[in-house]
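Chemist: Show me how the following folds:
(chains A and B)
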Amino acid sequence: MDNWIKLPGCQYITSTKCSFSSLELNVYEEIKLRVRAEQGNDTSSWYEVISFIPFEKAQIGPPEVHLEAEDKAIIVNISPPGTKDSIMWALDSSSFIYSLVIWKNSSSIEKRTETVYPRDKIYKLSPETTYCLKVKARLRSPRKVGVYSPVYCINTTVENKLPPPENLEADVKNQSYVLKWDYTYADVTFQVQWLHAFLKKNPENHSHKWKQILDCENVKTTQCVFPQNVFPKGIYYLRVQASDGNNTSLWSEEKKFDTEIQTVIPPPVINVKSVSDSLRVYIGAPREAANKPVNQHYPLSYEIIFWKNTSNAERKILEKKVDFTIADLQPLTVYCVKARAQLADDGWNKSSVFSDTVCERTKPGNTSKSWLIAVICTALFAVPVVIYVVKVLLKGISYVFFPSLKPSSSIDEYFSEQPLKNLLLSTSEEQTEKCFIIEKVDTITTIEETNDIDEDHKKYSSQTSEDSGNYSNEDENSGSKTSEELLEQKMI
Amino acid sequence: TCTKPDMIQKCLWLTLLVGLCITGILSLDCNLLNVHLRRVTWQNLRLLSSMSNSFPVECLRENKAFELPQEILSHTQSLKRDLKETFYEMSLQAFNIFSQYTFKSTWKQKHLNQIQIGLDQQAEYLEQCLEEEENENENMKETTEDEMKHSGARVPQLTNLELRRYFNRIDNFLKEKKYSHCAWEIIRVEIRRCFYYFHKFTALLRRK
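Modeler: As a prediction, this is how the structure comes out:
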């Protein structure tokens, strides 16, 4: 029997609605509710609500927003929906994505929508203007969209005497990082600060977590070079401030900087295969450059240029996929292909140099090719049949016309062995066979490096297996799978 | 040949190139995503191992079985997109767990930072690729394939719910034990196991 528990906050209520937000329950487990009416000692029968999972049904409420105004920017401070100790979004506090809509109070037509972090800034505003905004929270996985917060309005301040630096650009050069920016006035000094990018995802206040870059303290030029050991590799935000002694500007727009993006996008490696009258192009990863493995955060697109070897007329196509076909080409012609990688978006305008040119001859057309295959196949099949028929005929003829002779044996040998051998040799140069690797899918393969982890796991699981039998044994099992994995690894 | 950790990078690239030549590259929505994921997951795995010298013996008796939902990984029917979403969910949840760590003497701050950076990177990759896919899908017309995807959408919801329950158990454990030193050590080992399974998981992303 089920153990029905009284729902706190929903006992002896007179209206037909009650909320039970203070319940201690697991929001990911199914719950059942039932209601009944009571009057004195009489009770109705129970009405059972269809069971549900609270998390699945839950809707995201409005977030709370605090605003702070600068002259051309507004600082927003968003608290996640629900109360601080709300159990519904306990696992999602850092996962919310906030959409903000902002407009000038005077004209509600020009609305701007932006995706913001819990603590973020809205830039490109006018000073001394009233702006209004509203924010909603959403989750990507599972898909949930919340309701908008109430509208908040604030006035931007008077324009600051010194404008903030603009157009920050960060790059990696040799063993240092280079940060460049633009500034209209002269005779100012700058200072630079950095912040871990992941801190932006936490709703807590991180304004005190910005750290100074000492090599950039009070620089007079609009650029600063600092060594790579200032912070470990990762994703960061950088900001710059100007000062002329008396006044300081506000902080510039925060620039996201990924230390692992290379200054130069290395050229891709292309591999071309001719398939009937098209060319199948595979774009491969660029080779390792020095010590750094190639690492692209941003999606790449490729510019492919190809031309007939005999002419100079180049054709250009843009592709996002790494495996595609250039179709409608002339058969039995040599085409040359080269490609270069480009950053697909963000207006970064960075592209690699062209890869090596690869030339390949297209095969004969589809129809002629299949005709050729058909001919070869029929020839292959026809030959033994013809030989057999000839043999039978000769037997018959000899039987009829030369009953005493025994001509066949040597002729048989000649016919059966030699031409067949020749045929076998001559047909050995047919198309290459494609080998497809078939594998079992029920065991997941790994590469051998996991043996290191396996050993550690074996150590731990052997320690813990004495203590609590509940500790699962899957690590030991995975250790014994290594021989199977080795086999499957070869298949890759 | 592929035993030393330093050789792993080279082996990985060699395997990739060989794979490219022999079986042909699968049409990845986000170029080379699985390669990055594999590398980043592996890095995070190593980071978790190096955060602590050894598991303190006195914490063994507080150990608990969290029951990692391994059936997510054997979902060979799953579409690649659903695998990405599961991976994304896992990255976010693990990031969330480590964000709750307030500085104590258990782990060095720099190790914790690195793990958070690593998890953030993992989540960012996936977010960009998922967004890219979404934009592509918006541009494409609705085909019967898309309808099939929608009908199969029930499945990833369920598997991600299992994943959430798993992380909920971890979260509750930390709260119950009041974020003690032993609790964090136990969680560290558990999340490492989780990464280990997800590292194998990236092979599925490539296979399909």
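
Chemist: List the buried residues for the helix or strand where A:Lys395 lies?
Modeler: Here A:Lys395, judged by DSSP states H and E, is contained in helix A:366-401. For helix A:366-401, burial by neighbour count (16 or more other Cβ atoms under 10 Å in any protein chain shown) applies to A:Ile387, A:Ser398. Heads up, the C-betas are built off the backbone N, CA and C, glycines and all.

Chemist: And that helix, what does it pack against?
Modeler: helix A:408-426 (3 or more Cβ pairs under 8 Å, 6 or more residues apart in numbering or on different chains; DSSP states H and E).

Chemist: Low-confidence regions, the chain specifically.
Modeler: You didn't say which chain, so I picked chain A. Per-residue confidence for chain A (pLDDT under 70) gives these ranges: A:1, A:22-23, A:261-265, A:286-299, A:344-350, A:365-369, A:403-492.

Chemist: That was the other one, I meant chain B.
Modeler: Judged by pLDDT under 70, the stretches of chain B that qualify are B:1-33, B:73-81, B:103-106, B:140-159, B:204-208.

Chemist: hey, where'd the helices end up in it?
Modeler: Assignment of helices within chain B using DSSP state H yields the ranges B:5-23, B:33-50, B:80-99, B:109-139, B:144-151, B:154-176, B:181-207.

Chemist: residues of the third one that come out buried?
Modeler: Residues of helix B:80-99 classed as buried: B:80-99 (neighbour count, 16+ other Cβ under 10 Å).

Chemist: sorry, back to before: please identify the deepest-packed of the helices of chain B.
Modeler: helix B:80-99 (a mean of 23; mean count of other Cβ atoms under 10 Å in any protein chain shown).

Chemist: Which secondary structure elements does it sit against?
Modeler: Going by 3+ Cβ pairs under 8 Å, 6+ apart, helix B:80-99 lies up against helix B:109-139, helix B:154-176, helix B:181-207.

Chemist: how far off helix B:181-207 does it point, in degrees?
Modeler: In terms of direction (axes from the mean of the first three to the mean of the last three Cα atoms, to 10 degrees), helix B:80-99 departs from helix B:181-207 by 160 degrees.

Chemist: Strands along the stretch 51-200 of chain A, start to end?
Modeler: Under the criterion DSSP state E, counting those that start in this stretch, the stretch 51-200 of chain A contains strands at A:64-69, A:74-79, A:97-104, A:112-116, A:119-122, A:130-139, A:144-145, A:152-155, A:166-173, A:176-182, A:189-196.

Chemist: okay, those strands in JSON lines with mean neighbour count next?
Modeler: Converted to JSON lines, the strands of the stretch 51-200 of chain A look like this (neighbours: other Cβ atoms under 10 Å in any protein chain shown):
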{"stretch": "strand A:64-69", "mean neighbour count": "15"}
{"stretch": "strand A:74-79", "mean neighbour count": "19"}
{"stretch": "strand A:97-104", "mean neighbour count": "18"}
{"stretch": "strand A:112-116", "mean neighbour count": "13"}
{"stretch": "strand A:119-122", "mean neighbour count": "19"}
{"stretch": "strand A:130-139", "mean neighbour count": "19"}
{"stretch": "strand A:144-145", "mean neighbour count": "15"}
{"stretch": "strand A:152-155", "mean neighbour count": "15"}
{"stretch": "strand A:166-173", "mean neighbour count": "15"}
{"stretch": "strand A:176-182", "mean neighbour count": "18"}
{"stretch": "strand A:189-196", "mean neighbour count": "20"}
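
Chemist: mind checking which of those is nearest A:Thr222?
Modeler: Among the strands of the stretch 51-200 of chain A, strand A:176-182 comes nearest to A:Thr222, with 5.4 Å by Cβ to Cβ.

Chemist: what packs against the closest one?
Modeler: By 3+ Cβ pairs under 8 Å, 6+ apart, strand A:176-182 packs against strand A:166-173, strand A:223-227, strand A:235-243.

Chemist: now for these, which one comes closest to chain B?
Modeler: strand A:235-243 (6.3 Å; Cβ to the nearest Cβ).

Chemist: Off-centre distance for that closest one?
Modeler: Remark: strand A:235-243 is offset 28 Å from the chain centroid, using Cα atoms, centre = their mean, to the nearest Å.

Chemist: got it, and stretch A:313-327?
Modeler: 22 Å.

Chemist: cool, and stretch A:17-28?
Modeler: Centroid displacement of stretch A:17-28 relative to its chain, using Cα atoms, centre = their mean, is 37 Å.

Chemist: A:Lys6: neighbour count?
Modeler: Residues lying near A:Lys6 (other Cβ atoms under 10 Å in any protein chain shown) number 7.

Chemist: any idea how far it lies from A:Val35?
Modeler: 12 Å (Cβ to Cβ, to the nearest Å).

Chemist: ditto for A:Leu332
Modeler: Distance, A:Leu332 to A:Val35, by Cβ to Cβ: 80 Å.

Chemist: ditto for A:Ser93
Modeler: According to Cβ to Cβ, A:Ser93 stands 33 Å off from A:Val35.

Chemist: So which residues on the stretch 101-250 of chain A come close to chain B?
Modeler: Counting by Cβ under 8 Å from any Cβ of the partner chain, the stretch 101-250 of chain A comes close to chain B at A:Arg140, A:Ser141, A:Pro142, A:His196, A:Ala197, A:Phe198, A:Lys201, A:Asn202, A:Pro232, A:Gly234, A:Ile235.

Chemist: Buried ones only from the residues you listed, please, as a PyMOL command.
Modeler: In PyMOL syntax, the buried subset of those is picked out as below (16+ other Cβ under 10 Å):
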select buried, chain A and resi 140+141+196+197+198+201+202+234+235
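
Chemist: hang on, B:Phe87 packs against B:Phe198?
Modeler: Yes. Between B:Phe87 and B:Phe198 there is a contact at 6.5 Å, judged by Cβ atoms under 8 Å.

Chemist: Common neighbours of the two, please.
Modeler: Counting by Cβ atoms under 8 Å, 6 or more residues apart in numbering or on different chains, B:Phe87 and B:Phe198 have no shared contacts at all.

Chemist: returning to that earlier point: turn the residues of the stretch 101-250 of chain A next to chain B into CSV, including distance to A:Lys321.
Modeler: Shown next, in CSV, are these (distance: Cβ to Cβ, whole Å):
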residue, distance to A:Lys321
A:Arg140, 24
A:Ser141, 25
A:Pro142, 29
A:His196, 34
A:Ala197, 29
A:Phe198, 31
A:Lys201, 31
A:Asn202, 36
A:Pro232, 34
A:Gly234, 29
A:Ile235, 26
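
Chemist: quick one, helices of chain A?
Modeler: Using DSSP H, helices in chain A cover A:54-57, A:366-401, A:408-426, A:450-467, A:474-480, A:482-491.

Chemist: for the residue nearest to B:Arg192 when sequence neighbours are not counted, what are its contacts?
Modeler: Nearest residue to B:Arg192, sequence neighbours excluded (Cβ to Cβ, 6 or more residues apart in numbering or on different chains): B:Leu48, at 4.4 Å. B:Leu48 makes contact with B:Ile115, B:Arg188, B:Ile191, B:Arg192, B:Phe195 under the criterion Cβ under 8 Å, 6+ apart.
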